[in-house]
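K.L.:
Quick one, structure for this:
(one chain, ligands or ions: 1)
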Amino acid sequence: MKTKRSLRSQQWFGREGKDGFLHRSWIKNQGYPDDLFDGRPVIGICNTWSELTPCNGHFREIAEFVKRGVYEAGGFPLEFPVMSLGETQLRPTAMLFRNLASMDVEESIRGNPIDGVVLLMGCDKTTPALLMGAASVDIPTIGISGGPMLSGHYRGKQLGSGTGVWQMSEDVRAGKMSQEEFTAAESCMHRSKGHCMTMGTASTMASMVEALGVALPGNAAIPAVDARRYRQAQLTGRRIVEMVQEDLVLSKILTRSAFENAIKTNAAIGGSTNAVIHLLAIAGRIGVPLKLEDWDKLGSELPCLVNLQPSGKFLMEDFYYAGGLPAVMREIQHVLDRDALTVNGKKIGENIADAPNWNREVIKPLDDPFKDRAGIAVLRGNLAPDGAVIKPSAASPQLLKHRGRAVVFESIEDLHAKIDDENLDIDETCVMVLKGCGPKGYPGMAEVGNMPLPPKLLRKGITDIVRISDARMSGTAYGTVVLHVSPEAAAGGPLALVQNGDFIEVDVPGRRLHLDVSDAELAKRRAAWKAPDAPRRGWYKLYVDHVQQAHLGADLDLLVGGSGAEVKRDSH
Ligand code: FES
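P.N.:
Purely as a prediction, here's the structure:
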């Protein structure tokens, strides 16, 4: 099949004379024969493999299967690495580097002789970083996720990534579990290649990739070690070559309809609050107007159908065997735009039309949902003028409307220093408030919003109290946790002005977050407020100087939008 427009790779490989020689000859040092430079589509395989990102540790294997597919379809695959972000290792938080990795992806694609790109994504931030970077270039793009790990098992019970850690660490702090038992659980939780196998951020974002139409159907749930994950990789390699021939660029897939479908699907899977920030940022890159309110408007009334941890019982492996994301999307198809185009050239409605549901305990039917009204709720008020989010399905129903006395932690260090103090003046009616953990404050907006509870409350059997911060929360966590308060404390948001003993009202049904302090008193506190010291050099400085607030997706202001695929100057 002839391509619809001339291949950009031919601006390198198709040239004569010295320049053509330079572009071809050095690549040929890897053993490629002459005919691979004859005008066939060159497919970049954007790989986030790293041993420091264990969730993506199998990506070189996946890349080999993508290459098979590319060769089969008549393309020329060239794999390239980009910055990889390991959620459990990177300090101070992987999110600080999402935008940096996206710059790496964007410039690597644009600056090289690539006609189409395959994005290999897995651990939490690698998915949004790659989609953001690719969106700013806008060539034919297809994603493949690395797939979730096999289910964790410990002492006869399933053990979910992250979620099990939060539960067990509280048990250790409450004296219900020994340190030896806790250590033994480490090897039982993560026992295969792949990303977290709860419906945490990685599984959520893999689902978003599929719901957006950027990956082939079935992408989200196939376990990382299942042969079908590798078959999917091979089919992905075949398909990207066709996409180049069809000139099916990313902006034809990432439309407003695609984002709306993804937001609705996020509600139906009980997805992570992190998806809010990432989808806002991706939309900003591709030029689709998307607002924080869209999450509430489009998704908050929808039910959660998927009974997966952290809100439920099962894990991603069970989800795959039950039918995975296509089964969920079929269940809510009446609210989706079924005409949205996907990377396989079909409409999303066609992809999900016959999707079977093999286990209605794992994927519940619409008329008997796992949880009612499960999407993200957006709160506003004098404590969060630009918004804050809460995932009601992960919260305690009795706390969704609550007024309590604030117990304030000025920073994460302050929290760590005080939380185990038996003299901390706190009871279960209080509201924990954490400052300094937003995009600028941490910096990077850490996943610390699900603050640990004081041991004296845990011993009383209290498992949840209201917590409010400008932080994010791991997708594997749960609780009545108000997150992403915007503007953040470090940017001078009202959160910075909260003091111990103030009263705070949280009203999720009324979408309100109110600090019960007079305007006059707040003005007095504001006059006395001092901005924290800013970083003085390097990426930290660039980030803090330019990062936008959470309600805008926490992208750098200078990265919003795209620059297309053209580079006017030759390489010299
Ligand atoms: Fe990588 Fe959870 S730590 S997906």
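
K.L.:
switch to C-alpha atoms for all contacts and neighbour counts from now on
P.N.:
Noted.

K.L.:
what's the longest strand in this protein?
P.N.:
Secondary structure of the chain per DSSP state E: the longest strand is strand 401-409.

K.L.:
Can I get the worst-scoring helix or strand of the chain on mean pLDDT in CSV, CA atoms only?
P.N.:
Every helix and strand of the chain was ranked by mean pLDDT, DSSP states H and E. The lowest is helix 163-173, at a mean of 85. Extracted C-alpha coordinates of helix 163-173, given in CSV (Å, rounded to 0.1, in the frame of the first residue of the first chain):
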residue,chain,number,x,y,z
THR,A,163,-3.0,-1.6,48.6
GLY,A,164,-1.6,-4.5,50.7
VAL,A,165,1.4,-2.4,51.8
TRP,A,166,-0.9,0.3,53.2
GLN,A,167,-3.0,-2.3,55.0
MET,A,168,0.0,-4.3,56.4
SER,A,169,2.0,-1.3,57.4
GLU,A,170,-0.9,0.0,59.5
ASP,A,171,-1.2,-3.5,61.0
VAL,A,172,2.5,-3.4,62.0
ARG,A,173,2.0,0.1,63.5
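
K.L.:
That helix packs against which elements?
P.N.:
helix 179-189 (3 or more C-alpha pairs under 8 Å, 6 or more residues apart in numbering; DSSP states H and E).

K.L.:
Next up, the contacts around H278.
P.N.:
P128, G553 (C-alpha atoms under 8 Å, 6 or more residues apart in numbering).

K.L.:
gap between it and K67?
P.N.:
28 Å (C-alpha to C-alpha, to the nearest Å).

K.L.:
can you check Y478 too?
P.N.:
40 Å.

K.L.:
higher neighbour count, these two?
P.N.:
Under the criterion of other C-alpha atoms under 10 Å, the comparison of Y478 against K67 puts K67 first, with 26 against 23.

K.L.:
that older thread, helix or strand right after the longest strand of the chain?
P.N.:
Downstream of strand 401-409, the first helix or strand assigned by DSSP states H and E is helix 412-418.

K.L.:
list the buried ones in that next one?
P.N.:
Buried residues in helix 412-418, counted by 16 or more other C-alpha atoms under 10 Å: I412, L415.

K.L.:
Now do that helix: distance to the chain's middle.
P.N.:
Centroid displacement of helix 412-418 relative to its chain, using C-alpha atoms, centre = their mean, to the nearest Å, is 27 Å.

K.L.:
what's it in contact with?
P.N.:
With C-alpha under 8 Å, 6+ apart, helix 412-418 has contacts from F409, L424, L434, K435, G436, C437, V448.

K.L.:
Now with 7 Å, please.
P.N.:
F409, L424 (C-alpha atoms under 7 Å, 6 or more residues apart in numbering).

K.L.:
how about the residues of the protein near the ligand?
P.N.:
Residues of the chain lying close to the ligand (C-alpha under 6 Å from any ligand atom) are C55, E87, T88, C123, D124, H195, C196, A202.

K.L.:
Dump those residues into TSV; add neighbour count as well.
P.N.:
Shown next, in TSV, are those (neighbours: other C-alpha atoms under 10 Å):
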residue	neighbour count
C55	31
E87	20
T88	14
C123	31
D124	29
H195	30
C196	30
A202	36
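
K.L.:
so of these, which ones are in helices?
P.N.:
Members of the residues of the chain next to the ligand lying in helices (criterion: DSSP state H): A202.

K.L.:
contacting residues around the closest residue to L308 other than its chain neighbours?
P.N.:
Counting by C-alpha to C-alpha, 6 or more residues apart in numbering, the nearest residue to L308 once its immediate chain neighbours are dropped is F314, at 4.4 Å. By C-alpha under 7 Å, 6+ apart, the contact list for F314 reads N307, L308, V362.

K.L.:
quick one, strands of the stretch 51-200 of the chain?
P.N.:
76-81, 116-121, 141-145, 152-154, 157-159 (DSSP state E, counting those that start in this stretch).
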